[in-house]
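Enquirer: Everything below, folded, please.
(one chain, ligands or ions: 2)
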Amino acid sequence: MKNKIAPSILSADFGNFARDVKRIEAAGAELVHIDVMDGHFVDNLTFGSGVVASLRPVTSLFLDVHMMVENPEKYVEEFAKAGADGMSIHVEATHHIHGALQKIKNAGMKASVVINPGTSVDAIKTVLPLVDMVLVMTVNPGFGGQAFIPEMMEKVTELAQLRHEKGYDYEIEVDGGIDDQTIQLAKNAGANIFVAGSFVFKGNVEENISKLRSKL
Ligand code: DX5
Ligand code: ZN
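Expert: Ligands and ions are numbered 1, 2, ... in the order given. Predicted coordinates for the structure are as follows:
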């Protein structure tokens, strides 16, 4: 599968999202990763669908919305209308993961299921035939700048094997602590979409994206 870089605007300048998104697009990133947090599912607050609506006319990049909110099914229509291309929802955040993923697909977005570091692949086996992407968290969600948890690579390998055995076609994304070293571990384990926040936005964005790309 094609390797893709997904800078997270959680580490961008909150007063200059449009400028920063144009910058990552010019530098060759494939997706914009948008971290939505509600202060309940995680101990942090970010922003809602308004930011997606404002970024939609600014970029043609895939808008990859990562919902760190409880009961994300409530917001599906709203984010689809705002122009999100894909929505990732945590299996830990809803009692109705299958229905919620179906709702995302019916709204015309790519549907993705996310597992926290403490959640095993077994918890999402029944929805794997349904999803376009699986997001394996490589840190506990809530904040940028945390250390990559290498043990998560076993889950990436397991997901890549299952895809092969069962003929599924989801992409595998990793999120948290990705830099020019850990990206290689994730790639070797079988991931093909790499979210990076602090590594991309600290210092020179163009150089940082090239450093990541050179390891793929
Ligand atoms: C964490 C978010 C990440 C975050 C990653 O809850 O889901 O997308 O922005 O940041 P870094 O790359 O700094 O670990
Ligand atoms: Zn994220």
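Enquirer: Following the longest helix along the chain in sequence, what is the next regular element?
Expert: Ranked by residue count, the top helix of the chain under DSSP state H comes out as helix 153-166. Later in the chain than helix 153-166, the nearest helix or strand by DSSP states H and E is strand 171-175.
Enquirer: helices or strands up against that next one?
Expert: Secondary-structure packing of strand 171-175 (3 or more C-beta pairs under 8 Å, 6 or more residues apart in numbering; DSSP states H and E): strand 133-137, helix 153-166, strand 193-196. In this view, the C-beta of every residue, glycine as well, is placed from N, C-alpha and C.
Enquirer: Contacts for the longest helix of the chain, please.
Expert: With C-beta atoms under 8 Å, 6 or more residues apart in numbering as the test, helix 153-166 has contacts from 115, 120-121, 125, 128-129, 134, 136, 168-170, 172, 174, 185-186, 189-191.
Enquirer: Just the buried residues out of those, in PyMOL syntax.
Expert: Applying 16 or more other C-beta atoms under 10 Å to those, the buried members can be selected in PyMOL as follows:
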select buried, resi 115+121+128+134+136+170+172+174+185+186+189+190+191
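Enquirer: need the residues of this protein near ligand 1, please.
Expert: Contact residues (C-beta under 6 Å from any ligand atom) of the chain with ligand 1: 8, 10-11, 33, 35, 66, 139, 141-142, 144-146, 175-178, 195-199.
Enquirer: In helices, which of these appear?
Expert: Residues of the residues of the chain next to ligand 1 located in helices (DSSP H): 198-199.
Enquirer: just to revisit the earlier point, closest one to residue 77 among the helices and strands packed on strand 171-175?
Expert: The closest of these to residue 77 is strand 133-137. By C-beta to C-beta, the value is 20.1 Å.
Enquirer: Now do that closest one, average pLDDT.
Expert: Averaged over strand 133-137, pLDDT sits at 99.
Enquirer: Then stretch 57-64?
Expert: Taken as a whole, stretch 57-64 carries a mean pLDDT of 98.
Enquirer: how far is it from where the chain is centred?
Expert: Relative to its chain's centre, stretch 57-64 lies at 14 Å (C-alpha atoms, centre = their mean, to the nearest Å).
Enquirer: Would you mind pulling the contact partners of it?
Expert: Contacts to stretch 57-64, defined as C-beta under 8 Å, 6+ apart, come from residues 6, 18, 21-22, 24-25, 29-34, 52, 55-56, 83-86, 88, 173, 195.
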